[in-house]
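Chemist: Sharing a model that was predicted from the sequence below.
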Amino acid sequence: MTNFFQDITDKLKSANIEDPKLEARMIFAFVLNKDANDFYFSCPEITEEDKAAILRIVQKRTEHFPLCKLLGTKGFYKYDFVVNEDVLSPRPDTEILVEAAVRIMNEHGFESLLDLGTGSGCIPLSILGDVKGAKATAVDISQKALQVAKLNAQNLNMENRIKFVQGSWFDEDIVLKLEKKYDVIVSNPPYIPSQDILNLSIEVKNHDPLLALDGGEDGLDSYKRIAQISKEIISDGGFILLESGAGQAQDIEKIFEKEGFMKYKILKDYANIERCVILKK
Ligand code: GLN
């Protein structure tokens, strides 16, 4: 490997970036328009211009700008999604919800999906990709986030299968904007208790939209409201899948049971934390 590659890896390492070599490979691949695997064992000669471009990105990364937002895309489930500061960075943990939703939709022959708080659109678009004939509605309060989600739908040639609605689940008239019953409702709502936001990493607290993180005093505000509106727009026998924060799964179950949903399953993430609550109507 060239000294330059090693220098970059060292710079990332001294800034406490968790996987400096992988990130160095990703940054090189991005700037040189190659595959990250091309930088496993060797690194080509690099022009001064490319070096400068790599250094600009690395400088920001050492200030803890999220890598995906510097590169403009994030791999999630089976696709690369366009991301920017208007959307929550897709997390690997959320793939668990996607896998479960795909399985449920295919097993039951379900075709209609609603995503509440879609952000980049990574959840519904990933599900649509694996459920033939399904259609989705994706809601977000942020018009800017919806622009990103629309772009992702276009990039994946799915714009005819997904409808975007601007609105908040806290709006009085939100149900009127959603005209039909859905077989499956999914959501990764904001669930961080307000007072915990300051303790999050710089990548999250300074670069993910606060709107996508802040779940109110106990982190559960959005679940309470989603439970109220979901019961009006879910088909009989339909399922709801919710991402949950650490330690929240039982509370979320109770909130939904109070609104007439039945407990179905709780799934753990890769760190063994209860991360996805599934209920049935
Ligand atoms: N999973 C995110 C985090 O832990 C939070 C996303 C959310 O609130 N839905 O930073």
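Modeler: Perfect, I can see it now.

Chemist: For the ligand, see how far away the closest residue to D171 other than its chain neighbours is.
Modeler: Nearest non-adjacent residue to D171, counting by CB to CB, 6 or more residues apart in numbering: K177, 7.9 Å away. (Each C-beta comes from the backbone N, C-alpha and C, glycine too.) Distance, K177 to the ligand, by CB to the nearest ligand atom, to the nearest Å: 22 Å.

Chemist: ok, K177 - contacts?
Modeler: 139, 165, 167, 171 (CB atoms under 8 Å, 6 or more residues apart in numbering).

Chemist: cutoff 10 Å now
Modeler: K177 sits next to 137, 139, 165-167, 171 when contact means CB atoms under 10 Å, 6 or more residues apart in numbering.

Chemist: One more: G260?
Modeler: 227, 230-231, 234, 279, 281.

Chemist: Mind checking which of those residues are in strands?
Modeler: The strands, defined by DSSP state E, take in 234, 279 from these.

Chemist: Can you select the buried ones among the contacts of G260 for me in ChimeraX?
Modeler: Entered in ChimeraX, the line below selects the buried ones among the contacts of G260, by 16 or more other CB atoms under 10 Å:
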select :227,230,234,279,281
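
Chemist: restrict the contacts of G260 to contacts with the ligand.
Modeler: Counting by CB under 6 Å from any ligand atom, nothing from these sits close to the ligand.

Chemist: Same list (the contacts of K177) but as CSV, adding pLDDT.
Modeler: Rendered in CSV, the data for the contacts of K177 read as follows (pLDDT from 0 to 100):
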residue, pLDDT
T137, 98
V139, 98
V165, 97
Q166, 97
G167, 97
D171, 95
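
Chemist: Would you mind listing which of those residues are buried?
Modeler: Buried, going by 16+ other CB under 10 Å: 137, 139, 165, 167, out of the contacts of K177.

Chemist: Closest one to the ligand out of these, please.
Modeler: Nearest to the ligand out of the buried ones among the contacts of K177 is V139 (CB to the nearest ligand atom; 14.6 Å).

Chemist: which residues does that closest one bridge with?
Modeler: Taking DSSP bridges as the rule, V139 bridges to L116, V165.

Chemist: Hmm, W169 and it touching each other?
Modeler: Yes - using CB atoms under 10 Å, V139 makes contact with W169 at a distance of 7.5 Å.

Chemist: shared neighbours of the two, anything?
Modeler: Common neighbours of V139 and W169 (CB under 10 Å, 6+ apart) are 116-117, 178, 187.

Chemist: Of the residues you listed, which is the most crowded?
Modeler: L116 (29 neighbours; other CB atoms under 10 Å).

Chemist: Return the residues in contact with the most centrally placed residue in the chain.
Modeler: For the chain, the residue nearest the mean C-alpha position is P90 (3.1 Å; CA atoms, centre = their mean). Contact analysis of P90 by CB under 10 Å, 6+ apart lists 68, 73-77, 79-81, 83, 98, 119-123, 126, 188.

Chemist: So among those residues, which ones count as buried?
Modeler: Buried among those (16+ other CB under 10 Å): 68, 73-74, 76-77, 79-81, 83, 98, 119-123, 126, 188.
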